[in-house]
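# what's the 3D shape of this:
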Amino acid sequence: MELINFDEYSQNDRMYGGTAGRKIGIFYQGSNYIVKYPGNLKEQKMKNIVLSYSNSPVCEYIGSQI
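Next comes the predicted model:
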């Protein structure tokens, strides 16, 4: 899997909701994409949470490859 640094790409005007982390739309190589950031679990003040960030984007990627 190739990792891509999206810091230099422009954000588009598409908006994405939901509670599973922050999502932004970007324009990359002529197409629109969603960049999804993991949710910060410490900010949600959840009890008995050891991890500071959720792994839902990773789980979604693995699930899409099966």
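
# what about stretch 22-33, average pLDDT?
Across stretch 22-33, pLDDT averages out at 87.

# residues of whichever strand or helix holds Gly25 that come out buried?
Using DSSP states H and E, Gly25 sits in strand 23-28. Judged by neighbour count (16 or more other Cβ atoms under 10 Å), strand 23-28 contains these buried residues: Gly25. The C-beta positions use only the backbone N, C-alpha and C, and glycine is treated the same way.

# cool, stretch 27-41 as well?
Using 16+ other Cβ under 10 Å as the test for burial, stretch 27-41 gives Tyr33, Val35, Lys36, Pro38, Gly39.

# Name the nearest residue to the first one, sequence neighbours excluded.
Think Tyr33. Ile26 (5.5 Å; Cβ to Cβ, 6 or more residues apart in numbering).

# pretty sure the one you found is touching Tyr16, no?
No - Ile26 is beyond contact range of Tyr16, at 11.3 Å (criterion: Cβ atoms under 8 Å).

# Need the residues touching each of the two.
Counting by Cβ atoms under 8 Å, 6 or more residues apart in numbering, the residues touching both Ile26 and Tyr16 are Ile34.

# what are the ranges of the strands in this protein?
Counting by DSSP state E, the chain has strands at residues 23-28, 31-36.
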